[in-house]
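Enquirer: need a 3D model of the following:
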Amino acid sequence: MLPEYLRNKATETGAVIDYRDWQIPLGRRFRALKLWFVIRHYGVEGLQHQIRRHVELAQQFAGWVKSDDRFEMAAPVPLNLVCFRHKGGDAPNQTLMDRLNRSGDLYLTHTRLNDRLTLRLCVGQTNTTGRHVERAWKRIQEEASKLGSASDRKIAGFTVT
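Expert: Residues are numbered from 1 along each chain as shown. Sure thing, here's the model as predicted:
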């Protein structure tokens, strides 16, 4: 019952309390109530505008991922969730996600697709704009460059300094 994107080391070791387990927000009826409040606040047209804008930003992000030789798309992007990965394998993807999440600049989740660690960027916060998504991509590129420079120094199992 615990999907991959909700799994993390802190939960598995018991280091944190997952309050999501103490309430009903992941249940169908509660989600419907939250949606009703969102529609009541924004109106149908306002909600449509938000969704369209988030999908557009996700498509833009996906385009950037496709144009970078270090990354690959892991799934189509029909809505606002972009599943992508560094071509270096699971270890670089885990390192990349850990570094970015620790930085506080952005937060990526993960899943497993075709038994490969996959990074997930979701555009969906109310105040997210193009500059936020662009900054997220720049930070991902910066950290990916650090990965590349570290792996380039390894030759035949030895680290070259």
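
Enquirer: from now on I want contacts and neighbour counts done on CA atoms only, so please keep to that.
Expert: Will do.

Enquirer: count of neighbours near Arg70?
Expert: The local packing count at Arg70 equals 15, with neighbours defined by other C-alpha atoms under 10 Å.

Enquirer: roughly how far does it sit from Gln141?
Expert: Here the criterion is C-alpha to C-alpha, to the nearest Å. By it, Arg70 lies 9 Å from Gln141.

Enquirer: one more: Leu35?
Expert: 35 Å.

Enquirer: tell me which of those two has more neighbours.
Expert: Relative neighbour count places Gln141 above the other of Leu35 and Gln141, with 17 against 12, counting by other C-alpha under 10 Å.

Enquirer: so what's that one scoring on pLDDT?
Expert: Model confidence at Gln141, expressed as pLDDT, equals 97.

Enquirer: what packs against the helix or strand harbouring it?
Expert: Element membership of Gln141 [criterion: DSSP states H and E] is helix 130-152. Contact partners of helix 130-152 among helices and strands, from 3 or more C-alpha pairs under 8 Å, 6 or more residues apart in numbering; DSSP states H and E: helix 28-67, helix 90-103.

Enquirer: any idea which of the ones you listed gets closest to Ala15?
Expert: Taking C-alpha to C-alpha as the measure, the helices and strands packed on helix 130-152 were each checked against Ala15, and helix 90-103 came out nearest at 16.6 Å.

Enquirer: run the angle between that closest one and helix 130-152 for me.
Expert: Helix 90-103 and helix 130-152 meet at an angle of 130 degrees, taking axes from the mean of the first three to the mean of the last three C-alpha atoms, to 10 degrees as the criterion.

Enquirer: in helix 90-103, which residues are buried?
Expert: Residues of helix 90-103 classed as buried under the neighbour-count rule (16 or more other C-alpha atoms under 10 Å) are Asp90, Pro92, Asn93, Gln94, Leu96, Met97, Leu100.

Enquirer: next one: stretch 41-51
Expert: Of the residues in stretch 41-51, those with enough neighbours to count as buried (16+ other C-alpha under 10 Å) are Leu47, Gln50, Ile51.

Enquirer: residues in contact with it?
Expert: Under the contact criterion C-alpha atoms under 8 Å, 6 or more residues apart in numbering, stretch 41-51 has outside partners Val38, Ile39, Gly124, Thr126.

Enquirer: mind giving me the PyMOL select for these, buried ones only?
Expert: Selecting the buried subset of the contacts of stretch 41-51 in PyMOL, with 16+ other C-alpha under 10 Å as the burial test, is done by:
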select buried, resi 124
